[in-house]
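A.B. asks: this one's structure only:
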Ligand SMILES: Nc1ncnc2c1ncn2[C@@H]1O[C@H](COP(=O)(O)OP(=O)(O)OP(=O)(O)O)[C@@H](O)[C@H]1O
């Protein structure tokens, strides 16, 4: 890392005494002043002096002093990477090697006063309150404050000015945000969460906001698509769950395409990357996108990731049916189990997040399976496999490969060639669930997610096929999402990392496909053909012929779909891998949190 020059360095008094305080970019570090430390160390290291001073009590004092020395020498906070700027992967400065440090949010001047003898007010001290970001446990961040006292007004103002100037230089930090709040998401606490936990942080960081509380479903999407003056903002924030994020994402992508003259409905169109980043303040029922990109569903943590200007690119896939554009997806596409569960849970929205438990049990007991054909195009081996132990973490090498776009372009050619040569793999069968995870889909209920090794931004999706099996086996599979066992390690589960896939439910297979199956097969094929006719007959009352798709928590009432990830557009130059960016940095490695000395600073 390029070492930044110190912007300001001086001695100030904190509640712990005199400190050497250094400002380097947006990084403030402070430690006990050298003179104080030497004095403390001198006492501790010279027992004879101590003995002289307190005579017969010297022995016990030495013990105490040694303890004092230990505390005074111990680094209170860690040398950690300053990652306040995306792309700058951090480093340490000598000033940070002992003492406290933190990425700044802002500073303000307070003046304390006390009445003099003549009953008039005199200034006793000038206080600079500095807000900074600290790491907490379990990927949480928190906002802390330290106050420095200074009786010299000139020095105090110098500090304030320097902090202001350094923060102004950070171009990646947002200054103006457009905020959408869904007051009905999750436990209907969106508005309160924003006002009590998020707005004060934005205020401390001098971020101005325009807030819109949505009045109906799709309000945010429509406003973004048509009315919002996006030039005014450095980012969009949505307060709500995955459904709310999906609304904002659709609005933003559609608007970006419209403004740049691209037609998202045309299958051969180049999609233009969105320039504005999106921040998610979790206030929904599952908050999977937030959890899988930040590592927690804590509103304060998300707000701080927005303030420090983090940036995490994300792939977006487009879903089409009969060559008509339907929706975008960034997290889960689930047919069968997850589709049925969502359909049922939507009828119980009044129950709040508990609806997922009830619908989950009901759907599990119904044990429905669906017949159809899945065809897919496998991804290159250099983007890993769904069974890798390596997980997508902050600064992930696979997502960051500089040639990713080129590789995807090349892959696209390959995909088209593959299509021409019939290199698609085809699996016909009866499925309890077909899940496509564009990211891990981790959430508090399933901390490792549907596909623990899925990547956020490498242009691929993990396709998980759960074939028909007994209820007990399916239960075992579901249970493994909540513990450390491998959920893919069952004979009835297949998993592939793919670039594109299609699903055709049995009832939509063309006459020629069914005929082919009849000709290929024997008695079994014949039986399937007749059972198909039987299922189409409404009076029969058998199991339904098709489910629907759960697309990022929204119902997609289509069964047969084609899903294209990243580079999968027909025009060979059209790659829309990493189409949107979030105010996030991916989940940070656990080691950062395990080290007690790196625990506190960002
Ligand atoms: N004012 C509103 N009134 C009714 N519905 C709204 C309003 N604003 C947004 N919505 C819709 O509410 C739906 C659900 O919202 P949201 O995703 O925030 O909560 P959730 O469904 O409880 O959480 P999750 O999606 O994480 O499970 C979204 O599809 C969104 O379109």
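C.D. replies: Arrived safely. In this text, all values refer to a predicted model and were calculated from it rather than measured experimentally.
A.B. asks: so how far is residue 199 from residue 181?
C.D. replies: Per Cβ to Cβ, to the nearest Å, residue 181 is found 10 Å from residue 199. (Glycine included, C-beta is placed from N, CA and C.)
A.B. asks: Look at those two and report which has more neighbours.
C.D. replies: Set residue 181 next to residue 199 and count neighbours by other Cβ atoms under 10 Å: residue 181 wins out with 25 against 16.
A.B. asks: give me every residue that touches the more buried one.
C.D. replies: Shown in contact with residue 181 (Cβ atoms under 8 Å, 6 or more residues apart in numbering): 190-191, 194, 211-214, 239-240, 283.
A.B. asks: what's the nearest residue to it if we skip its chain neighbours?
C.D. replies: Using Cβ to Cβ, 6 or more residues apart in numbering and skipping the chain neighbours, the partner closest in space to residue 181 is residue 239 (4.2 Å).
A.B. asks: any idea how far the one you found lies from residue 323?
C.D. replies: 36 Å.
A.B. asks: The two: who's more crowded?
C.D. replies: residue 239 (32 against 9).
A.B. asks: Is the more buried one within a helix or a strand, and which one?
C.D. replies: Per DSSP states H and E, residue 239 falls inside strand 235-240.
A.B. asks: Identify the neighbouring strands of that strand in the sheet and state each direction.
C.D. replies: Sheet partners assigned to strand 235-240 using DSSP bridges are listed as strand 176-181 (parallel), strand 277-282 (parallel).
A.B. asks: Columns mean pLDDT on top of those, output as TSV?
C.D. replies: TSV is the format used below for the strands paired with strand 235-240 (pLDDT from 0 to 100):
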stretch	mean pLDDT
strand 176-181	98
strand 277-282	98
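A.B. asks: Serialize those strands to a markdown table and add fields for distance to residue 389.
C.D. replies: A markdown table is the format used below for the strands paired with strand 235-240 (distance: least, Cβ to Cβ, whole Å):
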| stretch | distance to residue 389 |
| --- | --- |
| strand 176-181 | 38 |
| strand 277-282 | 28 |
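A.B. asks: With distance to the ligand as extra columns, can I get those strands in JSON lines?
C.D. replies: JSON lines is the format used below for these (distance: least, Cβ to the nearest ligand atom, whole Å):
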{"stretch": "strand 176-181", "distance to the ligand": "8"}
{"stretch": "strand 277-282", "distance to the ligand": "8"}
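A.B. asks: Most tightly packed of those strands?
C.D. replies: Neighbour counts (mean count of other Cβ atoms under 10 Å) averaged over each of the strands paired with strand 235-240 peak at strand 277-282, with a mean of 28.
A.B. asks: So what touches that one?
C.D. replies: Residues outside strand 277-282 that contact it (Cβ under 8 Å, 6+ apart): 174, 177, 190, 193-194, 198, 234-241, 245, 248-249, 252, 287, 289-291, 293, 297-299, 302-303, 305-306, 311, 580-584.
A.B. asks: Could you list which of those residues belong to helices?
C.D. replies: Counting by DSSP state H, the part of the contacts of strand 277-282 found in helices is 190, 193, 245, 248-249, 252, 289-291, 293, 299, 302-303, 305-306.
A.B. asks: Generate a ChimeraX selection restricted to the buried entries among those.
C.D. replies: Buried residues among the ones in helices among the contacts of strand 277-282 (16 or more other Cβ atoms under 10 Å), as a ChimeraX selection:
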select :190,193,245,248,249,252,289,290,291,293,299,302,303,305,306
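A.B. asks: Farthest-apart pair in the ones in helices among the contacts of strand 277-282, please.
C.D. replies: 193 and 252 (21.9 Å; Cβ to Cβ).
A.B. asks: Count the neighbours of the closest residue to the ligand within the stretch 451-600 of the chain for me.
C.D. replies: Closest approach between the stretch 451-600 of the chain and the ligand, counting by Cβ to the nearest ligand atom: residue 553, at 4.1 Å. Neighbourhood size, residue 553 [other Cβ under 10 Å]: 25.
A.B. asks: gap between it and residue 291?
C.D. replies: The gap separating residue 553 from residue 291 is 13 Å, by Cβ to Cβ.
A.B. asks: Let's test this: what are the backbone torsions at the closest residue to the ligand within the stretch 301-450 of the chain?
C.D. replies: Nearest residue of the stretch 301-450 of the chain to the ligand: residue 353, at 6.7 Å (Cβ to the nearest ligand atom). Residue 353 has phi and psi values of phi -60, psi -20 when expressed as degrees, to the nearest 10.
A.B. asks: Same question for residue 505.
C.D. replies: phi -70, psi 150.
A.B. asks: secondary structure class for the closest residue to the ligand within the stretch 251-400 of the chain?
C.D. replies: The stretch 251-400 of the chain approaches the ligand most closely through residue 284 (2.6 Å), counting by Cβ to the nearest ligand atom. The three-state assignment at residue 284 reads coil, by DSSP: H, G, I helix; E, B strand; the rest coil.
A.B. asks: still on that earlier bit, could you say which one of the strands paired with strand 235-240 comes nearest to residue 400?
C.D. replies: strand 277-282 (17.2 Å).
A.B. asks: and the gap between the nearest residue to residue 496 once chain neighbours are set aside and residue 351?
C.D. replies: If the residues on either side of it in the chain are set aside, residue 496 comes closest to residue 463, at 4.9 Å by Cβ to Cβ, 6+ apart. Using Cβ to Cβ, residue 463 is found at 31 Å from residue 351.
A.B. asks: Specify which residue of those two has the higher count of neighbours.
C.D. replies: residue 463 (26 against 14).
A.B. asks: show me the contacts for the nearest residue to residue 14 once chain neighbours are set aside.
C.D. replies: Take residue 14 and drop its neighbours on the chain: the residue closest to it by Cβ to Cβ, 6+ apart is residue 148, 5.5 Å away. Shown in contact with residue 148 (Cβ under 8 Å, 6+ apart): 12-14, 19, 21, 30, 127-128, 130, 159.
A.B. asks: ok, so of the residues you listed, who is nearest the ligand?
C.D. replies: Closest to the ligand out of the contacts of residue 148 is residue 130 (34.4 Å), distances taken as Cβ to the nearest ligand atom.
A.B. asks: Show me what that closest one is bridged to.
C.D. replies: residue 107, residue 146.
A.B. asks: And for it, the neighbour number?
C.D. replies: Counted with other Cβ under 10 Å, residue 130 comes out at 25.
A.B. asks: Looks like it contacts residue 146 (just checking).
C.D. replies: Yes. Using Cβ atoms under 8 Å, residue 130 and residue 146 qualify as a contacting pair, with a distance of 5.3 Å.
A.B. asks: tally of neighbours for residue 33?
C.D. replies: 17.
A.B. asks: just to revisit the earlier point, the residue nearest to residue 496: what secondary structure?
C.D. replies: The three-state label given to residue 463 by three-state DSSP is strand.
A.B. asks: in stretch 577-594, what's buried?
C.D. replies: So stretch 577-594, judged by 16+ other Cβ under 10 Å, has buried residues 577-588, 592-593.
A.B. asks: Could I get the average pLDDT for that stretch?
C.D. replies: In this model, stretch 577-594 carries a mean pLDDT of 82.
A.B. asks: Centre of the chain to it, how far?
C.D. replies: Its chain's average C-alpha position is 6 Å from that of stretch 577-594, according to Cα atoms, centre = their mean, to the nearest Å.
A.B. asks: Would you mind listing what in the stretch 151-300 of the chain touches the ligand?
C.D. replies: Residues of the stretch 151-300 of the chain found near the ligand (Cβ under 6 Å from any ligand atom) are 182-186, 214-219, 240-244, 247, 284-287.
A.B. asks: hey, what's residue 426 bridged with?
C.D. replies: Residue 426 has these beta-bridge partners by DSSP bridges: residue 375.
A.B. asks: And for residue 501?
C.D. replies: Beta bridges link residue 501 to residue 376, residue 563, judged by DSSP bridges.
A.B. asks: Assess the claim that it and residue 375 are in contact.
C.D. replies: Yes. If you go by Cβ under 8 Å, residue 501 and residue 375 touch, sitting 6.6 Å apart.
A.B. asks: Report the residue spans of the stretch 451-600 of the chain with pLDDT below the cut-off.
C.D. replies: Filtered on pLDDT under 70, the stretch 451-600 of the chain yields the residue ranges 508-544, 559-560, 562-576, 590-600.
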